[in-house]
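>>> Let's see this in three dimensions:
(one chain, ligands or ions: 2)
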Amino acid sequence: MSDTDAATPAREAFLAASERLNGQVLGQDHLNDRLLVALLCDGHLLVEGAPGLAKTRAIKSLAALVDAGFHRIQFTPDLLPTDLTGTDIYQPEAGGFRFQQGPLFHNIVLADEINRAPAKVQSALLEAMAERQITVGRMSHALPPLFLVMATQNPIEQEGTYPLPEAQLDRFLLHVNVDYPPEDVERKVLGLARAEAADALVGVSVAREHAPVLNETLVTRARQEVLELHLSDAVEEYIVQLVFATRHPGRYDATLEGLVDYGASPRGTIGLERCARARAWLAGRDFVSPDDVQAMAHDVLRHRLIVSFSAEAAGTTSDDFIDALIQRVPVP
Ligand SMILES: Nc1ncnc2c1ncn2[C@@H]1O[C@H](COP(=O)(O)OP(=O)(O)O)[C@@H](O)[C@H]1O
Ligand SMILES: [Mg+2]
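Ligands and ions are numbered 1, 2, ... in the order given. Below you'll find the model as predicted:
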């Protein structure tokens, strides 16, 4: 292992961002880590968790650390696709129509409660995520090169929601679950909230703490370094076999056959490789290990599988299924 070689300016900046994020969003290290992985992999995340778990706080903090334009869009049943994308507006002084950018034209976008808006709006978002451009009429408008969407879903309230179509979920690089923090962290959250409320009252400048540590150049450099990491043929084959096993689990264990209706797509394979690389890079290694693949497998694959009706009725989740595959697919 060559830890010292890996201390590049880009990596130092990401480590600083990680430390700051963990200091602002207490006890949600997993979410914080996945935000950085998504940024490193040029991907989007779907975050599922109850209200009040610091999801908004986390993505806002990330945007502040990257010095990026941020916008939150609350998804509601009456939202229209053009409320996201923008639209052509008649400009009398110019004597014609001009495109007025919608809120998607930001670097970091929080799509809050994505399942509260109907399918047309959801697909406008998902299309923008995949294509990185918005087409209105015959004109296409490019989204910024640094473009990261974090969508949230509340697992508790299902009434009056429009579940995301399974096929669209594949567009998210990561599906992250957030849970309540442990007691000791809850106490620290209280302390932090008190300190912040007191600061806000007296208008204390918290400029230093909020100064960005990353920028677009460093993010691009980091992405290059992630792609340059060594990934052996054996680890590559391991990734292929793990994803293949989601489609044909019977190859490894006959009892797993029939647990899933659909396995992960090649997009899942590509995502797993990229995320494993990002994890290795963040850890300061210059090669990707099977460990990196296993650590990312759940968040990359869980939303890309469709557990069969009978398996679901028996209480099997896609996480259980992924666990079983990790146990059975031979590790190189
Ligand atoms: N882990 C945490 N660390 C710091 N603050 C937290 C944490 N969890 C909740 N909070 C605080 O609780 C409130 C709710 O957070 P918010 O980000 O709005 O939640 P969500 O978007 O998940 O509904 C905010 O004031 C936030 O600062
Ligand atoms: Mg919120």
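
>>> Could you spell out which stretches of the chain belong to which domain?
Recorded structural domains for the chain (assignment: automatic domain parsing) are 9-210, 229-328.

>>> Next, the distance between the ends of the first one.
Pointing back at domain 9-210 there. 20 Å (Cα to Cα, to the nearest Å).

>>> separation between Leu104 and ligand 1?
20 Å (Cβ to the nearest ligand atom, to the nearest Å). Every residue, glycine included, has its C-beta placed from N, CA and C.

>>> what's around that residue, how many residues?
23 (other Cβ atoms under 10 Å).

>>> Next: Leu79.
So Leu79, with other Cβ under 10 Å, has 19 neighbours.

>>> Where does it sit: helix, strand or coil?
Following DSSP: H, G, I helix; E, B strand; the rest coil, the label given to Leu79 is coil.

>>> got the contact list for the residue lying closest to Thr246 once chain neighbours are set aside?
The spatially closest residue to Thr246, leaving aside those adjacent along the chain, is Gly263, at 3.4 Å (Cβ to Cβ, 6 or more residues apart in numbering). For Gly263, the contact set (Cβ atoms under 8 Å, 6 or more residues apart in numbering) comprises Val243, Phe244, Ala245, Thr246, Arg247, His248, Pro249, Arg304, Leu305.

>>> Torsion angles phi and psi at Gly263?
phi -100, psi -170 (degrees, to the nearest 10).

>>> Could you number the chain from 17 rather than 1 from now on?
New numbering, starting at 17: the last item is Gly279.

>>> how about the residues of the stretch 117-266 of the chain near ligand 1?
Applying Cβ under 6 Å from any ligand atom, we find that the stretch 117-266 of the chain lies next to ligand 1 at Pro197, Val205, Leu208, Ala209.

>>> Point me to the helix or strand that includes the residue in the stretch 117-266 of the chain that ligand 1 sits nearest to.
Residue nearest to ligand 1 within the stretch 117-266 of the chain: Val205 (4.6 Å; Cβ to the nearest ligand atom). Using DSSP states H and E, Val205 maps to helix 199-218.

>>> distance of the spatially closest residue to Leu321 that is not a sequence neighbour from ligand 1?
Ranked by Cβ to Cβ, 6+ apart and with sequence neighbours excluded, the top spatial neighbour of Leu321 is Ser334, at 4.5 Å. From Ser334 over to ligand 1 the distance is 23 Å, taken as Cβ to the nearest ligand atom.
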